[in-house]
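Undergrad: Show me the folded form of this:
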Amino acid sequence: SAEPGALDAAGGFRAVELDEPATHYRLSGSKNLINGGSKHDLLFALMRTRPSEEGDDNPSPLAGRGAHSVFFVPRQAGVKALSQWTTLPVRGADIAGVEFDLVVSSDSRLSPEGEGFTLMQKTLAMSRGGVSSLAAGLVASAREHAWLYAQRREIGGHPIAEFGAIQDHLIRLDALSRTVAAISLRAAAWSNACGQKAALYSGVAKLMACQFAEEGVAEGRLVLGGRGLLAGLPYERLVRDVLLFGVFDGTRHVMLEELQMRLGGALRSWRSEKELSRDTVAEAREIYGEAPRSVVDTLRTRSKRKSFPLLVHLRALAKLPGAVKLEPLADLAEAAFELVDLVRGDGTWSSDQVVRFELAECYAMLESLVALIELCDPDRRPLIMDRSPGFTQLDVLSYRYALRWLGGRVCSRLSTFQAGLGLEPRVPAGLLARVLAGHKETRRELGELLTPANRTTRRRSLRVPKTGG
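TA: Below you'll find the predicted structure:
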């Protein structure tokens with residue numbers, strides 16, 4: 001806490017009344033699991049500056065958001081470092097605790113009193129996208145290790161990359177690596193162009209890129225077997241470190257709580273006829289076409305742009321010429337919003353956090369598929385960015401696989417969700433088959449790239465294991 005006060009004639013601290021301006025604050029209390037807690041010279045702390053409201057037996061989790069302020073505190077007398085923790089991932093990290101017991105000037109408070117929570121949210125809206133880029137780099141490394149190992153490791157004179165089960169792990173890892181890269185790049189483009197207006201996409205990137213990265217590393221570990229757990233080999237570090245990204249700058253539950261609130265806004269856009277007139281493809285061209293800027297400049301930008309209405313944008317992308325039909329995904333998004341509307345109407349939404357989180361995650365997965373389309377669709381990407389990275393056969397097939405596989409996962413989850421709650425069906429019975437149309441053939445073609453008959457093509461496709469264009 002940071003108690004508002006002033007200095008008396010003798011230089012001692014005295015508390016002030018609520019209507020009296022504070023010239024100083026008495027900082028007290030401790031916080032654990034702080035990055036740089038024992039060594040950083042400057043600490044930023046979110047502290048309560050006003051007492052909690054009394055008389056509310058069931059306060060909202062966000063009821064105290066107007067009672068906190070952010071302070072910057074140089075390490076000095078009254079700032080005591082607590083014990084440093086030994087961590088599983090990133091073993092060299094300085095994760096420790098800090099105990100505060102000092103008086104500071106009101107100049108140490110950032111922004112007006114009571115706006116600390118809002119300030120933190122705005123800051124995290126930018127930094128969370130950076131976490132997804134770290135996850136993208138790590139899962140790309142996992143993909144490189146697993147794919148190269150599968151080509152070199154032989155059983156009975158045959159590379160294990162020829163076996164169906166191993167191929168499935170490799171193909172899924174490749175699809176996840178591309179998807180994480182696309183999610184991260186989309187968040188970066190929005191943050192660069194729109195500053196804090198990118199909060200939806202940086203939130204999606206924080207949640208889904210970290211989750212997909214964990215899945216990808218697990219797929220690679222199944223390829224390497226015991227070698228994926230040996231401390232003397234590099235893959236073991238990936239297994240440990242990937243667990244970090246889903247925790248800092250907002251745990252999974254924190255992100256789902258934020259995204260379920262944003263889903264309410266997305267539902268209003270879904271109902272709005274005004275949003276139907278937006279040319280989201282033209283807007284996407286402008287966003288991806290923005291020249292790179294510093295983070296300071298982006299934070300100072302007061303963009304009027306709003307996030308895309310998911311369904312409107314999906315239907316706009318579906319109208320662009322392309323070999324992969326996107327109408328089934330648009331219909332899937334429509335069914336998702338109908339389910340949200342249904343549970344909000346019958347009271348289930350407000351009474352059950354599990355319901356809100358499940359639908360929020362499905363919404364985030366759909367936004368992730370949009371990122372995959374914008375960045376990895378060989379026909380539509382050049383229409384959005386006016387340039388193409390030069391797609392290989394592997395790029396094209398892996399994109400199709402990822403889109404159908406992950407889209408099918410969303411469809412199955414929504415179908416299970418509505419059946420589990422006994423809701424009137426909103427996901428059409430034949431939608432899953434439409435989402436997965438062509439999936440079997442794509443899986444077969446990807447497998448052929450890993451077989452001896454296509455050894456030359458395979459080596460050319462896999463020589464540079466970077467993904468995502």
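Undergrad: so the closest residue to Ala175 other than its chain neighbours is in which element?
TA: Leaving out its chain neighbours, the residue that sits closest to Ala175 by Cβ to Cβ, 6 or more residues apart in numbering is Ala402, at 3.6 Å. All C-beta atoms are positioned from the backbone trio N, CA, C, and that covers glycine. Using DSSP states H and E, Ala402 maps to helix 393-420.
Undergrad: And Leu102, by the same measure?
TA: strand 95-105.
Undergrad: now Glu358: how far from Gln260?
TA: 9 Å (Cβ to Cβ, to the nearest Å).
Undergrad: and what of Lys274?
TA: Lys274 is 24 Å from Gln260, by Cβ to Cβ.
Undergrad: where does the protein dip in pLDDT?
TA: Along the chain, segments meeting pLDDT under 70 span 52-63, 452-469.
Undergrad: hmm, back to that, which of Lys274 and Gln260 has more neighbours?
TA: A side-by-side neighbour count of Lys274 and Gln260, using other Cβ atoms under 10 Å, places Gln260 first with 21 against 8.
Undergrad: how about the more buried one, what does it touch?
TA: 356-357, 359-360 (Cβ atoms under 8 Å, 6 or more residues apart in numbering).
Undergrad: And those, which two are furthest apart?
TA: Spanning the widest gap among these are Phe357 and Leu359, at 7.5 Å by Cβ to Cβ.
Undergrad: And the two? Which one has more around it.
TA: Shown here are Phe357 and Leu359; by other Cβ under 10 Å, Leu359 has more neighbours (25 against 17).
Undergrad: pretty sure that one is touching Leu342, no?
TA: No. In this structure Leu359 lies outside contact range of Leu342 using Cβ atoms under 8 Å: 10.3 Å.
Undergrad: neighbours of Val355, just the number please.
TA: Number of residues near Val355 (other Cβ under 10 Å) recorded here: 20.
Undergrad: CA atoms only: put the helix or strand hosting it into CSV for me.
TA: Element membership for Val355 (DSSP H and E) is helix 353-376. Output of helix 353-376 as CSV, limited to C-alpha atoms (Å, rounded to 0.1, in the frame of the first residue of the first chain):
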residue,chain,number,x,y,z
GLN,A,353,-16.8,-18.1,-15.2
VAL,A,354,-16.0,-21.4,-16.9
VAL,A,355,-18.5,-20.7,-19.6
ARG,A,356,-17.0,-17.2,-20.2
PHE,A,357,-13.5,-18.6,-20.3
GLU,A,358,-14.4,-21.4,-22.7
LEU,A,359,-16.0,-19.0,-25.2
ALA,A,360,-13.3,-16.4,-24.8
GLU,A,361,-10.7,-19.0,-25.7
CYS,A,362,-12.6,-20.1,-28.8
TYR,A,363,-12.9,-16.5,-29.8
ALA,A,364,-9.1,-16.1,-29.4
MET,A,365,-8.5,-19.2,-31.5
LEU,A,366,-10.7,-17.7,-34.3
GLU,A,367,-8.7,-14.5,-34.2
SER,A,368,-5.6,-16.6,-34.4
LEU,A,369,-6.9,-18.2,-37.6
VAL,A,370,-7.4,-14.8,-39.1
ALA,A,371,-3.8,-14.0,-38.4
LEU,A,372,-2.8,-17.2,-40.1
ILE,A,373,-4.9,-16.3,-43.2
GLU,A,374,-3.4,-12.8,-43.4
LEU,A,375,0.2,-13.9,-43.1
CYS,A,376,0.3,-17.4,-44.6
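Undergrad: any idea where the helices of the stretch 151-300 of the chain begin and end?
TA: 164-194, 199-204, 210-224, 235-245, 252-271, 280-289, 295-300 (DSSP state H, counting those that start in this stretch).
Undergrad: so Leu332 touches Arg409, yeah?
TA: No. Leu332 is beyond contact range of Arg409, at 10.8 Å (criterion: Cβ under 8 Å).
Undergrad: Who has more neighbours out of those two?
TA: Leu332 (25 against 13).
Undergrad: mind listing what that one touches?
TA: Applying Cβ under 8 Å, 6+ apart to Leu332 gives the contacts 366, 407, 410-411, 414, 427, 431, 435.
Undergrad: Equivalent analysis for Tyr399, please.
TA: Contacts for Tyr399 were tallied using Cβ under 8 Å, 6+ apart; they are 178, 324, 372, 376-378.
Undergrad: where along the stretch 1-150 of the chain do the strands fall?
TA: All strands of the stretch 1-150 of the chain, identified by DSSP state E, counting those that start in this stretch, fall at 2-7, 13-15, 24-35, 42-48, 68-74, 79-81, 95-105, 109-110.
Undergrad: possible to save those as a markdown table with distance to Gln418 and mean neighbour count?
TA: What follows is the strands of the stretch 1-150 of the chain, written out as a markdown table (distance: least, Cβ to Cβ, whole Å; neighbours: other Cβ atoms under 10 Å):
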| stretch | distance to Gln418 | mean neighbour count |
| --- | --- | --- |
| strand 2-7 | 47 | 20 |
| strand 13-15 | 55 | 12 |
| strand 24-35 | 39 | 16 |
| strand 42-48 | 39 | 16 |
| strand 68-74 | 39 | 19 |
| strand 79-81 | 52 | 15 |
| strand 95-105 | 42 | 17 |
| strand 109-110 | 46 | 18 |
